[in-house]
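>>> any chance you can model this:
(one chain, ligands or ions: 1)
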Amino acid sequence: MDIEQFRKEAYKAIDQICDYYYALQDAKIPVVSSVEPGYLRPLLPSSAPQTGEEFALIAADYQNLIVPGYTPWQHPSFFAYFPTGFSFEGLIGDLFASSASNPGFNWTASPSCTELEVVVMDWAAQMFGLDPVFYNSSGVGGGCLQNTASEAALVAIVAARKSYMDKHPESKLEELVIYVSTQTHSLGMKAAIILGLQVRAIEVRSEDNFALKGDALRSAIEEDMTVGKRPFVLVATVGTTSSGAIDDLPAIGEVVKDYPDLKIHVDSAWLGMALVCPEFRETCYLKEINEFADSFCTNFHKWGLTNFDASAMWVRDRRYLTEALDITPPFLRTPQGEAGTVIEYRNWHLGLGRRYRSVKLWFILRGFGIEGFQAHIRKTINLNKIFTRLIETSPILKIVVPPSFSLTVFRLFPKPQRPDEPPIPEETLNEINQLLYGRLNARKDIILTQTKLNGTFCVRFAVGSRYTEEEHVKQAFHAITQEANRTLEAWRQ
Ligand code: PLP
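Numbers count the residues shown, from 1 in each chain. The predicted structure follows:
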């Protein structure tokens, strides 16, 4: 394809994307794809073509074969997982980033790739109210974009391990313990598997709304230290995946004062975006994050209007990362790097090459402004309140934990039909709820995810698409009620 062909085909591609978004915004396409596992292989040749093909043919196949296999995460009736952001500003930013095709691993490899990231990460830190020590301009801490929150946690743990081993060179790797709670995202376990380290998942209680408490952390640490284990890092969560629980950072802060070698990574992949609104900062423990988190992560690509991927990570001291990850072979040496006047982001993440993500974030931050972000967060929280109020009016559905921002966890909870009817055993309730979820899952007009909270099977409702309006929330509630009634009817028979 030459430049003029690109011009022609790219215009057509943009038209295709616009048509798709019109259909999606008007909910004219189902939120669940109809394809079955393995649908694609029989539709494609068994090997790549020997010679190049006509672009028009490729574009048509993309539209006919690939698009139907999308899950449209931006659909107004998408209530599963956590939302993944999208904006046209971001899409255009990605297009430009792709046009540059710069693997900006160090300053010289792409000066603007590094410098734009340095600036937008400071903008973002300010907009979330992070302490200036986390700004790149502080020269001490700093922020960068990682692929995912899982990679941010992994590098934070690698950094914590290095810091601990430097202080305690006599320690053995098998003595080191990573702390998470049973509600921490699997990123803690994943990091432990990758690093070959022990991980301890501390139990949380439903009475505490599934948040990690200081006393539970303290007893786990004390128990482990008595048998010679070495606590070196805690992954605390502000907004857990299952129920939006917020670990008790004030109490955790008191505990860590007694264990200064324990590093704290705060994972707020989803909820962190709420920090853009000053009214949510206290609940999300911004003060505590600022006081003692060694690293903090939130995903712009979740609730932050940003096209996948852009996971923002800040560290209190950049040497924390660079001392653990800096390997500079001669071919990567540059005068600017040697002079120490520039940030060399390759020493802040796993890979060498890195995507030019800051372009899309810059476009989005400018296009929406802080007020645009705040409006998006507040709107979706209000939509969730509407959903919560509807569930509260239902005689058969029940909220399981206090709703968390844009997330509500509920279950089917039939009331006894007669006053002398015994309560339904928990095991049976779980079975009924699994049936309900099975029915919801079979629908094509709504998508939700399931979870288990200390053995209790529940359904999650997470709002976040820019296209979701009150009518979609009401339709979702109607669909859920319909399936809940059908489930009960089937179960009672
Ligand atoms: N942390 C939390 C609290 C999450 O909810 C999720 C995903 O939903 C993740 C981490 C994983 O994020 P990523 O896919 O960026 O690794």
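>>> and Gly340, how many neighbours does it have?
Residues within reach of Gly340, counting by other CB atoms under 10 Å, total 8. Quick note: C-beta positions are derived from backbone N, CA and C, even for glycine.
>>> who in the stretch 151-300 of the chain is up against the ligand?
Taking CB under 6 Å from any ligand atom, the part of the stretch 151-300 of the chain that reaches the ligand is made up of His185, Leu187, Thr237, Gly239, Thr240, Thr241, Asp267, Ala269, Trp270, Asn299.
>>> roughly how far apart are the spatially most central residue of the chain and Val463?
The chain has Ala269 as the residue nearest its centroid, 4.0 Å off, counting by CA atoms, centre = their mean. Applying CB to CB, to the nearest Å, one obtains 16 Å for the distance of Ala269 from Val463.
>>> can you give me the strands in the stretch 301-450 of the chain?
In the stretch 301-450 of the chain, strands defined by DSSP state E, counting those that start in this stretch lie at 311-315, 397-399, 407-412, 447-453, listed in chain order.
>>> try the stretch 101-250 of the chain
Under the criterion DSSP E, counting those that start in this stretch, the stretch 101-250 of the chain contains strands at 142-146, 176-181, 198-202, 230-237.
>>> JSON lines for these, including mean pLDDT?
As requested, the strands of the stretch 101-250 of the chain are arranged in JSON lines below (pLDDT from 0 to 100):
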{"stretch": "strand 142-146", "mean pLDDT": "98"}
{"stretch": "strand 176-181", "mean pLDDT": "98"}
{"stretch": "strand 198-202", "mean pLDDT": "98"}
{"stretch": "strand 230-237", "mean pLDDT": "98"}
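>>> between those, which gets nearest to Thr481?
Using CB to CB as the criterion, the shortest distance between Thr481 and those is 31.5 Å, found for strand 230-237.
>>> just checking: what are the partner strands of the closest one?
Partner strands for strand 230-237, per DSSP bridges, with pairing direction: strand 176-181 (parallel), strand 263-267 (parallel).
>>> buried stuff in the last one?
Taking 16 or more other CB atoms under 10 Å as the neighbour-count basis, strand 263-267 is seen to contain the buried residues Lys263, Ile264, His265, Val266, Asp267.
>>> try stretch 206-214
Of the residues in stretch 206-214, those buried under the neighbour-count criterion (16+ other CB under 10 Å) are Asn209, Phe210, Ala211, Leu212, Lys213, Gly214.
>>> surely the second one meets Val204?
Yes: the pair Phe210 / Val204 is scored as a contact, 4.8 Å apart, by CB atoms under 8 Å.
>>> where do the contact lists of the two overlap?
Overlap between the contact sets of Phe210 and Val204, as judged by CB atoms under 8 Å, 6 or more residues apart in numbering, is given by Gln183, Ala245, Asn454.
>>> so which residues of the stretch 151-300 of the chain form helices?
Shown for the stretch 151-300 of the chain, the helices assigned by DSSP state H, counting those that start in this stretch span residues 187-195, 214-226, 249-257, 286-292, 300-303.
>>> now do the buried residues in the third one.
Neighbour-count burial for helix 249-257, with 16+ other CB under 10 Å as criterion, is recorded at Leu249, Ala251, Ile252, Gly253, Val255, Val256.
>>> now, which of those sits nearest Pro30?
Nearest to Pro30 among the buried residues of helix 249-257, counting by CB to CB, is Leu249 at 40.9 Å.
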